[in-house]
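S.K.: Take this sequence and fold it.
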Amino acid sequence: MGEMRHKHILDMASLSDADIRTILDTAVRMKEISRRPIKKVPTLRGKTVVQFFYEPSTRTKSSFDLAAKRLSADSLSFSKATSSVVKGETLLDTVQNIEAMQPDVIIIRHGSAGTPHFLARHCKACVINAGDGMHAHPTQALLDLMTVREKKGRLRGLNLLIVGDIAHSRVARSNIVGFQKMGARVTVCGPPTMMPIGIEAMGVTVAPALDDAIGEADVIMMLRIQKERQAQFLMPDEREYAAVFGLNLERLRKASPEVLIMHPGPMNRGVEIDPEVADGPYAVILEQVTNGVAVRMALLYLVLGGK
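M.R.: Below you'll find the model as predicted:
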């Protein structure tokens, strides 16, 4: 396995293509551990991983927890509701109190963009960004890259189509950066009200109509509408959204027979993706979840000095 010199994992922009390859190659080795009858190795015995989740999470939080446990690290989790933040304590005070207990890694999800970078400047521990506002979700992009490389055998030259609420999606931003670094082309598609102004500056192509873009895609990534980040719903209703931007079986017939269908979860079935597509033969959504554990194992191993 290769060496990575980053103490913190804050965003995809700070990772080189060589860093990404090292992470993905390490994750392949880590995935093998999860296939064993006894899914545990002593690699990080004596290390402590603390998770702060200020926003809801199912996949990211549980997979980080599993990743730590499978490497024999001690794992401790806090949510906003169960921390002293509800009593008025600042995030920095909370983290400094936890740091006084000598953790090795702090994993943070927060609704405000830049929070992990703030912690990295004030903490001795390694910091891993588990999602900050609409800014970045690097571990999701890495598991998506792993899944596509695993299924396609390569990343360079592929066409990735990201569909949905691009404006409010940290997953979209991280995948745009990550896939482009690895040589893929990225197209984005969604309602104009959910498309960031000037997104072309990120090097993507903007497709106004899903039906026109779907045929060129090797990988289609569907995103949910992030109502919790919208001041108001930016489409007349979900039925209209599904009719224009939802991925259904009829629309899927226009895609390549080797296309991969991805979704970072949680899915809103019948809105951005129909159940028949989500559960169909082209979908690799559960493989994404499986690879999420492997990628997060790899990151814990690498930031703590693994080689």
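S.K.: Disregarding residues adjacent in the polypeptide, which is nearest to Ala130?
M.R.: Arg109 (4.1 Å; C-beta to C-beta, 6 or more residues apart in numbering). For glycine as for every other residue, the C-beta is placed from the backbone atoms N, C-alpha and C.
S.K.: neighbours around that neighbour, how many?
M.R.: 25 (other C-beta atoms under 10 Å).
S.K.: ok, now which ones touch it?
M.R.: For Arg109, the contact set (C-beta atoms under 8 Å, 6 or more residues apart in numbering) comprises Phe52, Phe53, Tyr54, Glu55, Ser57, Thr60, Lys61, Asn129, Ala130, Gly131, Asp132.
S.K.: let's see it at 10 Å
M.R.: Shown in contact with Arg109 (C-beta atoms under 10 Å, 6 or more residues apart in numbering): 51-57, 60-61, 64, 79-80, 115-116, 128-133, 137.
S.K.: so it, which of the three states?
M.R.: strand (DSSP: H, G, I helix; E, B strand; the rest coil).
S.K.: lowest-pLDDT helix or strand in the protein?
M.R.: Ranked by mean pLDDT, DSSP states H and E, the helix or strand of the chain with the weakest confidence is helix 91-99, at a mean of 85.
S.K.: For the stretch 151-300 of the chain, give me the ranges with low pLDDT.
M.R.: The model of the stretch 151-300 of the chain has pLDDT under 70 over residues 227-236.
S.K.: Strands along that one, start to end?
M.R.: In the stretch 151-300 of the chain, the strands defined using DSSP state E, counting those that start in this stretch lie at 159-163, 185-189, 205-207, 219-222, 260-262.
S.K.: who are the neighbours of the last one, in terms of helices and strands?
M.R.: Under the contact criterion of 3 or more C-beta pairs under 10 Å, 6 or more residues apart in numbering; DSSP states H and E, strand 260-262 touches helix 138-152, strand 159-163, strand 219-222, helix 285-303.
S.K.: returning to that earlier point: export the strands of the stretch 151-300 of the chain as a markdown table, with columns for distance to Arg251.
M.R.: Formatted as a markdown table, the strands of the stretch 151-300 of the chain follow (distance: least, C-beta to C-beta, whole Å):
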| stretch | distance to Arg251 |
| --- | --- |
| strand 159-163 | 10 |
| strand 185-189 | 12 |
| strand 205-207 | 13 |
| strand 219-222 | 10 |
| strand 260-262 | 11 |
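S.K.: which of those strands is buried the deepest?
M.R.: strand 219-222 (a mean of 26; mean count of other C-beta atoms under 10 Å).
S.K.: Which residues are in contact with Arg70?
M.R.: Listed by C-beta under 10 Å, 6+ apart, the contact partners of Arg70 are 30, 33-34, 36, 38-41, 43-44, 293-294, 296-297, 300.
S.K.: Mind checking which of these are buried?
M.R.: Neighbour counting by 16 or more other C-beta atoms under 10 Å classes Met30, Ile33, Ser34, Thr43, Leu44, Val293, Ala294, Arg296, Met297, Leu300 among the contacts of Arg70 as buried.
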